[in-house]
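what's the 3D shape of this:
(chains A and B, ligands or ions: 2)
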Amino acid sequence: MNYGIVSQEQLEQIDTILSDKLISLGVDCVIIIDMAGNIITAKDNGESKYDVYSFAALAAGNFATVDAMAKLVGEQEFSLLFHKGQDSNIHFSKIDEELLLISMFGKGISLGFLRLNVVDVIEKIRKVWAKK
Amino acid sequence: MSFINLKEKVVQVKIVYYGPGRCGKTTNLEYINKTYRKQIVSEMVSLKTHGDRTLFFDFLPFDMGKIKGYDIKIQLYTVPGQVKYNATRKLVLRGVDGIVFVADAMEKQREKNIRSLNQLHENLQSYKESIFNIPLVMQYNKVDLKEHGIPILPTEVLQKDLNSRLKVPYFEASAITGYNVAETLKKIISSTVVSIQKKLL
Ligand SMILES: Nc1nc2c(ncn2[C@@H]2O[C@H](COP(=O)(O)OP(=O)(O)OP(=O)(O)O)[C@@H](O)[C@H]2O)c(=O)[nH]1
Ligand SMILES: [Mg+2]
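Numbers count the residues shown, from 1 in each chain, chains lettered A, B, ... in the order given. Ligands and ions are numbered 1, 2, ... in the order given. Next up is the predicted model:
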């Protein structure tokens, strides 16, 4: 089995991207996980208190389930995975075959605005990741 | 795939309890959850049906403390054992680092154990992983039933059925009383950590 190891430098770069591009816009919490449910990194605005480990396990399961359903109906993938609540929302985005970016945000941000920024962030993260 | 964070010095290790329906996978995690409160940072997550059967997985994060300066976080999962749930079983196996195969020692479950182990073999192959290479521990569960006059497979029979080629460590156990639950867990954690260390060198 291949082992996921990221350097301190890469992680710091990724954390900076997440802080600058998402947390500073008002996103409550951003987590990067792998498809096995491991946490790569988690950033929040200092106020939210999520149990990130359980969250990562559930999120990986949720994403994998939706992905398997897509394949069953003959889709490559469902490109938008989004859960909307009263006060908070969760948005999933695939970085690559192994990694997922999950953003949790409240009423202050629109989905469209979030998606635009997530696209930008993913592009930047892919560049950092490619340097492995 | 275990995930190693060099910045915060954390290693996340995924261990999956696998086995046929009602063999006692969830009961293993429940026992660990109530016995090791201090090492468990958050609530056990159980995705189950109304009848208490596992629908997707149980999840229990378990803190091992430090090995060589690295914080070892063990993530324990169970799969749903019912035959119809193989698609979800496969999803849970993604990125697995170590497996406990829980066999049901009741005589009438003999065939089901063998079928479940064969399917584990196939499921691992679909991830290009081999049952002969991955850290694995056998647990022959429900041995307490013998005292209640319920026919139990002798360990030699279970060994011959399930472990004659794999030759991995095995334990007789009773998840409900806790007999050998911790021993099983310790064994799979140490085998898995050793195997990760080897691959890192
Ligand atoms: N006597 C006895 N009963 C057990 C033991 N372990 C589990 N059971 C019982 O067996 C039943 C099924 O146990 P579970 O732990 O839910 O089984 P499971 O493997 O998680 O089942 P699925 O989720 O359907 O795959 C429950 O009624 C348990 O109380 C044991 O060691 N001895
Ligand atoms: Mg169960």
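
starting at the chain centroid, how far to the top helix by length along chain B?
Criterion DSSP state H: the longest helix present in chain B is helix B:181-200. Distance, stretch centre to chain centre, for helix B:181-200: 12 Å (Cα atoms, centre = their mean, to the nearest Å).

the chain: helices as residue ranges?
As the question left the chain open, I've gone with chain A. A:8-21, A:52-72, A:111-130.

wait, I meant chain B there
Under the criterion DSSP H, chain B contains helices at B:25-35, B:86-93, B:110-125, B:155-162, B:181-200.

how many residues are close by B:Ser2?
Using other Cβ atoms under 10 Å in any protein chain shown, B:Ser2 has 28 other residues around it. C-betas here are computed from N, CA, C, even on glycine.

distance-wise, check it relative to chain A.
To chain A, B:Ser2 is 6 Å away according to Cβ to the nearest Cβ, to the nearest Å.

per-residue pLDDT, A:Met1?
At A:Met1, the pLDDT value in this model is 31.

how about A:Phe92?
Looking at A:Phe92, its pLDDT is 95.

please apply the same query to B:Leu200.
pLDDT at B:Leu200 comes out at 68.

same deal with B:His121?
Looking at B:His121, its pLDDT is 98.

neighbours around it, how many?
For B:His121, using other Cβ under 10 Å, the count is 14.

so the longest helix of chain B, near ligand 1 or not?
No - Helix B:181-200 lies out of reach of ligand 1 by Cβ under 6 Å from any ligand atom, never closer than 8.8 Å.

what packs against that helix?
strand B:10-18, helix B:25-35, strand B:70-78, strand B:98-104, strand B:136-141, strand B:170-172 (3 or more Cβ pairs under 8 Å, 6 or more residues apart in numbering or on different chains; DSSP states H and E).

and those: which comes nearest chain A?
Evaluated over these, closeness to chain A peaks at strand B:10-18, with 4.4 Å, by Cβ to the nearest Cβ.

can that closest one be found next to ligand 1?
No - using Cβ under 6 Å from any ligand atom, strand B:10-18 stays clear of ligand 1, with a minimum separation of 7.7 Å.

that strand: which residues count as buried?
For strand B:10-18, the buried set under the neighbour-count rule, 16 or more other Cβ atoms under 10 Å in any protein chain shown, comprises B:Val11, B:Gln12, B:Val13, B:Lys14, B:Ile15, B:Val16, B:Tyr17, B:Tyr18.

between the residues you listed, which is nearest ligand 2?
Each of the buried residues of strand B:10-18 was checked against ligand 2 using Cβ to the ion; the closest is B:Tyr17, at 8.4 Å.
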